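A structural model of the following input is requested.
(chains A, B, C and D)
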There are 2 protein chains.
Amino acid sequence: MNSRTKRVRRSPEEARSTLLAAARARLLEHGLDGLKIAAVAKDAGMSHATLIHHFGSSLGMRDALIESMAHELLGEFVAMLGDDAPSGARLESMVTKLFATLADDRHAQLFAWLTIEPPQRPVDADHLDRASRDLLAVLLERIRRRDGRPALDPDVARFGVVLAVTSAIGLGIGRPRLEQMGLLRDADDDARFAAWVGELLEAHRHWDARSERLSSSRSSTGKEQLKPEQR
Amino acid sequence: MNSRTKRVRRSPEEARSTLLAAARARLLEHGLDGLKIAAVAKDAGMSHATLIHHFGSSLGMRDALIESMAHELLGEFVAMLGDDAPSGARLESMVTKLFATLADDRHAQLFAWLTIEPPQRPVDADHLDRASRDLLAVLLERIRRRDGRPALDPDVARFGVVLAVTSAIGLGIGRPRLEQMGLLRDADDDARFAAWVGELLEAHRHWDARSERLSSSRSSTGKEQLKPEQR
DNA sequence: AACGCTATCAACAATCATGTCAATAGTAAG
DNA sequence: CTTACTATTGACATGATTGTTGATAGCGTT
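From the prediction side, this is the model:
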């Protein structure tokens, strides 16, 4: 074998991106232990010294990977919002798309990583925070006033978004276990569930009339306020 | 300093449990990197050789920790179910308790760990699966027939449980980010949100009348079916 | 008191992961 | 063609981590 294989010289951007791709693949398959720089570099076709040259250190690579995965998530989120018609979109369709976007293995991996990582590492995320905050504002506003119907109570809209987002994240995280326990069946169940949640929220657009429940006291006496017409 | 400190001799169970406690504390504070056996053993007041003696290996300790955390989760879950009155419990109270139980940092840590760990490690979880499956069956049945009202459609009850569970898990995982983005405010918001979800589900107990929506077609025409009485 | 069991530990060995360094080789610019 | 720049790499240094081993010490039993 020719011990003198020809070197390939990449642009720094290309080197970084192929390294990050290899790292992400390894993370998906081997967990955090898969991120040893030697293995990642080997998968990407270079030596680990080159990896360090580009990312500064092992942690530098991890930070770059987190940022790249977060960017990917944000990108898909933006695409999802953009897909919908300007503001006439139906809620069920939005929620379905939100689930399809958020409840994904790769994103679940990112959330899990950020959750299990010690909070000491601040994960940069400055511009990311701003970006996602703006994104959420758009989403909220779009939900609040749709079609020209009366605007939704902000807190109701907020809780609705929280419900959809948390449920999607939780689905991405817990799907294997939910399936194991028989709570979820085939893959179609995911879609049906998402649609169901969308309808649930749609049916409650009128709760703004009762927004005083949301505003302040946790007076736990009033319990019957909300009973639906009983048959 | 007395170089000849007196040895403490624990029972195997006690040694294991104090080691696991130290490990869990370290996991919470330092993430997976905190699980180096030397550090864990030091926190527990023994040498790392002792740790290996009790768990066989570093991975053995991790498996034991996962199992212990899963047991703790199951235990709290059982306690939660047991707290409620036999079967007359209101849904809001059950959902609130479910959130308080499930959307917890420690449990989120467990879910995150299981998610980011490569699926190759099967995490034992044989009896755990059975236990949680039975638990879920109890929960479902209890929700389906409460108070003597007409029994709920099984699929509606199932989706309701899925919604509550996924949202709770997602809240535990995503809370820091949701707070950062302004979607969640103080800690009270958590409780209000949980109660809100409970009411949402309660208001939809009658969807069984329309269960054909769940069974098959995605005919998305009917939207106004469920508006609550408007004041 | 003598004995057996085993939890405990210090010291050691071996492996692995990270980071450094000096030399090399593409590539573009002069 | 020469030069400058830097991406790339093998070899090495270093520290961290896991696992082993032989001896010791606590504790119950006889």
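
Show me the residue sitting in the middle of chain A in space.
The C-alpha lying nearest the average C-alpha coordinate of chain A belongs to residue A:102 (Cα atoms, centre = their mean; 4.1 Å).

so who does the residue nearest to it when sequence neighbours are not counted touch?
Distances taken as Cβ to Cβ, 6 or more residues apart in numbering or on different chains put residue A:168 closest to residue A:102, at 3.7 Å, once the chain neighbours are dropped. Placement of C-beta: from N, CA and C, glycine included. Listed by Cβ atoms under 8 Å, 6 or more residues apart in numbering or on different chains, the contact set of residue A:168 reads A:98, A:99, A:101, A:102, A:103, A:194, B:166, B:170.

how about the fifth one, what does it touch?
Residues in contact with residue A:103, defined by Cβ under 8 Å, 6+ apart, are A:168, A:169, A:171, A:172, A:175, A:190, A:194.

between the residues you listed, which is nearest DNA strand C?
Closest approach between the contacts of residue A:103 and DNA strand C, by Cβ to the nearest atom of the strand: residue A:172, at 26.9 Å.

Burial check on that closest one, number of neighbours?
Residues lying near residue A:172 (other Cβ atoms under 10 Å in any protein chain shown) number 26.

measure it to chain B for me?
8 Å (Cβ to the nearest Cβ, to the nearest Å).

What distance do you get for the closest residue to residue A:8 other than its chain neighbours to DNA strand C?
Counting by Cβ to Cβ, 6+ apart, the nearest residue to residue A:8 once its immediate chain neighbours are dropped is residue A:45, at 7.5 Å. For residue A:45, the distance to DNA strand C equals 14 Å [Cβ to the nearest atom of the strand, to the nearest Å].

Need the three-state assignment for residue A:184.
Three-state assignment for residue A:184 (DSSP: H, G, I helix; E, B strand; the rest coil): coil.

And for residue A:8?
Following three-state DSSP, residue A:8 is assigned to coil.

which ones are touching residue A:135?
Contacts of residue A:135 (Cβ under 8 Å, 6+ apart): A:74, A:77, A:78, A:81.

no wait, residue A:129
Going by Cβ under 8 Å, 6+ apart, residue A:129 touches B:180, B:181.

for the host helix or strand of it, which positions count as buried?
With elements taken from DSSP states H and E, the one containing residue A:129 is helix A:126-144. Residues A:128, A:131, A:132, A:135, A:136, A:139, A:140, A:142, A:143, A:144 are the ones in helix A:126-144 that count as buried (16 or more other Cβ atoms under 10 Å in any protein chain shown).

State the next helix or strand along the chain beyond it.
Using DSSP H and E, the helix or strand that follows helix A:126-144 towards the C-terminus is helix A:154-180.

Sort out which residues of that next one are buried, please.
Buried residues in helix A:154-180, defined by neighbour count with 16+ other Cβ under 10 Å: A:155-175, A:177-178.

show me what contacts the closest residue to residue A:105 other than its chain neighbours?
Excluding its sequence neighbours, the residue lying closest to residue A:105 (Cβ to Cβ, 6+ apart) is residue A:172, at 6.9 Å. By Cβ under 8 Å, 6+ apart, the contact set of residue A:172 is A:102, A:103, A:104, A:105, A:107, A:108, A:111.

Next: residue A:201.
Applying Cβ under 8 Å, 6+ apart to residue A:201 gives the contacts A:91, A:95, A:160, A:163, A:164.

what about the fourth one, distance to residue A:17?
For residue A:163, the distance to residue A:17 (Cβ to Cβ, to the nearest Å) stands at 36 Å.

if I look at residue A:29, how far off is residue A:43?
Using Cβ to Cβ, one obtains 10 Å as the distance from residue A:29 to residue A:43.

Who has more neighbours out of these two?
Neighbours were counted for residue A:29 and for residue A:43 using other Cβ under 10 Å; residue A:43 has more, 16 against 11.

In this structure the more buried one contacts residue A:26, no?
Yes: counting by Cβ atoms under 8 Å, residue A:26 is a contact partner of residue A:43 at 6.3 Å.
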